[in-house]
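1. predicted structure and sequence below. I'll ask about it afterward.
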Amino acid sequence: MVISNKPLKFILAALVASLPIMSFANSENDTTHVHNEAAHEVQVASHDKHAEEEHVAQDPKAKVDAFIDHHLQDSHDFIFFSDDKENKHYGFPLPVILIDGGLKIFSSSKLHHGEAVAEVDGNFYKLVHGKIYKTDDAAGIISFDEHGHPKNEKPLDFSITKNVVSMLFVAVLLFIMFTGLAKSYKKGPIPTGFGRVLEPLIIFIRDEIAVPNIGEKKYRKYMGYLLTVFFFVWLLNLLGMTPLGINVTGNIAITVCLAAFTFIITQFSANKDYWGHIFWMPGVPVPMKIILAPIEVLGTLTKPFALLIRLYANITAGHVVIMSLIAMIFVGKNLAADLPISMGLTLFISVIEVLVAFLQAFIFTMLSSLFIGMAVQDHDHAHHHEDETAII
Amino acid sequence: MDKLINDFSFGLFFWQAFILLVLILLLVKFAWKPIMESITAREEGIKDALLSAENAKKEMQNLQADNQRILNEARAERDAMLKEAREMKEKMIADSKNEAQEQGQKMIEQAKAAIESEKNAAMAELKLQVSTLSLSIAEKLLKEELSNKESQTKLVEKMLGDVKLN
């Protein structure tokens, strides 16, 4: 239990440190920020990049890019739709909670979607690219570094954002659904109503995921986690398919957290055999044992890392594709020609995305149970092998 | 890549961890535990029911086999009894036949013997009677024949003639 005792921060740091291994097909660099600014129609600032924005803001393609980018991010208010011309947003604000020399709680309406500087207890805050930065005064000057990142101080942000609200909603929904199912068993052995839909899913998780991967004897202990994560991820994925424009499971912080849970559970439930296989691989010569140990240690980290990237990338990709297809209507000049193609493709991809929503939840649960299973299994084969050699 | 790190929000991470942890604890206590227990109990019940049905079926089969065996035994017994009875009957008939035959034979023998003895007695009687009768006839005849001389001679001659024929 060497790693598991280390603080969570170390694990996070290790995960984030290994992020550069991944590379994305399209280099994002500055364009997104520029577009973001365009969407928000931020007041003229001292930054020289803003000069270019003025042309870009009129370009529908750039606007679409900015909109998609904005959608993929978490936000401090719940906006259902916006009127660009009158610069009005329809939705409701959410509470902002900052830790900046004490707890600061205020409504996100004060930030005006990044258009105004909020003054709270003598401190000034401004929203840039969906993040809250501290500014020196009411003018709201944000200075940027050469990568286009604001250099201003970032207070610790514990706001109840759109994603947090969505998660709370899903959590309440799950609680109502499954306590309802639990109660229906008191009336008789067979559930009634909606429980008939839920029960086969629970049995599916048990028989197809937990039991084959973890084993008949030990699976019960992990069922609570696996079931919760499966339904939580699945519902959040599905919620992302609704026109509410919520993208929770396509947020890196969410997937990092989910993977961290799996990682912690795996490390804490690991038995002697598991650690033995990591630090002193049985059945290989000593030099190999020394070479294998760091590889195996790294392997414990890459497993949850694969989990978090897989879920994040799949859901984000789905959102980007669907939004791009819808945006075709606005970018194209010919409505009669674009509308059927765009709608047809959107429908097609949406159906696939509904499948992906289930599939990603399934794969996440499946791999989690697989990793747990690897940690708790008794390595019988190794002992058998030793016995055989002893006989020879 | 750099965007990914920039996107990472510690606040969201904290809330997610908090919500997920609370959700897991609540659901384990109020949902998963009772649900899993109910499902397991139901499955056990079904398994038991199936097993007992299987057992009942086996028992039934055993019972049927037993019945069949008993029936067969009874049938065999009946057959044996019938056969015995038939044999006995035949034997009795044969016995009685033999006895009757023997008895009859014996009676016939006795009758024969009686008849023989009666016959002998009768013969002896008859002989005696015939001898006395013939003697008396002869006496009478002689008395008559020998009353005149002529007839005596005739007789002698006739007798002699008979002797010649012999």
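-> Received it, and whenever you're ready, just let me know what you need. These numbers come from a predicted model, not from an experiment. Residues are numbered from 1 along each chain as shown, chains lettered A, B, ... in the order given.
2. distance from the longest helix anywhere in chain A to the middle of the chain?
-> If you go by DSSP state H, chain A has its longest helix at helix A:286-331. Put simply, helix A:286-331 sits 11 Å off its chain's centre (C-alpha atoms, centre = their mean, to the nearest Å).
3. go on, stretch A:340-347?
-> 27 Å.
4. so which elements touch the strand or helix carrying B:Glu99?
-> Here B:Glu99, judged by DSSP states H and E, is contained in helix B:33-145. Helix B:33-145 sits against helix A:162-187, helix A:195-204, helix A:220-241, helix B:149-165, with contacts defined as 3 or more C-beta pairs under 8 Å, 6 or more residues apart in numbering or on different chains; DSSP states H and E. Quick note: C-beta positions are derived from backbone N, CA and C, even for glycine.
5. kindly recompute the last result at 6 Å.
-> helix A:162-187 (3 or more C-beta pairs under 6 Å, 6 or more residues apart in numbering or on different chains; DSSP states H and E).
6. so the helix it packs on versus helix A:220-241, what angle?
-> With axes from the mean of the first three to the mean of the last three C-alpha atoms, to 10 degrees applied, the angle from helix A:162-187 to helix A:220-241 works out at 130 degrees.
7. now do the buried residues in helix A:162-187.
-> Within helix A:162-187, the residues scored as buried using 16 or more other C-beta atoms under 10 Å in any protein chain shown are A:162-167, A:169-171, A:174-175, A:177-179, A:181-182, A:184-185.
8. if we check chain B, which of these are in contact?
-> With C-beta under 6 Å from any C-beta of the partner chain as the criterion, the members of the buried residues of helix A:162-187 in contact with chain B are A:163-164, A:167, A:171, A:175, A:178-179, A:181-182, A:185.
9. now those residues as CSV including pLDDT?
-> Putting these into CSV (pLDDT from 0 to 100) gives the following:
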residue, pLDDT
A:Asn163, 89
A:Val164, 90
A:Met167, 92
A:Ala171, 94
A:Phe175, 93
A:Phe178, 91
A:Thr179, 90
A:Leu181, 89
A:Ala182, 89
A:Tyr185, 87
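10. tell me the SS of A:Ser82?
-> With DSSP: H, G, I helix; E, B strand; the rest coil as the basis, A:Ser82 sits in strand.
11. does the lowest-mean-pLDDT helix or strand in chain B reach chain A?
-> Lowest by mean pLDDT, DSSP states H and E among the helices and strands of chain B is helix B:2-7, with a mean of 72. Yes: for helix B:2-7, a contact with chain A is found by C-beta under 6 Å from any C-beta, at B:3-4, B:7.
12. which one of those residues is nearest to A:Pro285?
-> Nearest to A:Pro285 out of the residues of helix B:2-7 next to chain A is B:Leu4 (C-beta to C-beta; 40.3 Å).
13. surely that closest one and A:Ile252 touch.
-> Yes: using C-beta atoms under 6 Å, B:Leu4 is in contact with A:Ile252, at 5.5 Å.
14. neighbour count for those two, which is higher?
-> Neighbour comparison, B:Leu4 and A:Ile252: the larger count goes to A:Ile252, with 25 against 17 (by other C-beta atoms under 10 Å in any protein chain shown).
15. list the buried ones in stretch A:191-205?
-> Buried residues in stretch A:191-205, counted by 16+ other C-beta under 10 Å: A:191, A:195, A:198-199, A:202, A:205.
16. in CSV, list those residues along with pLDDT.
-> As requested, the buried residues of stretch A:191-205 are exported to CSV (pLDDT from 0 to 100):
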residue, pLDDT
A:Pro191, 83
A:Gly195, 85
A:Leu198, 90
A:Glu199, 90
A:Ile202, 92
A:Ile205, 92
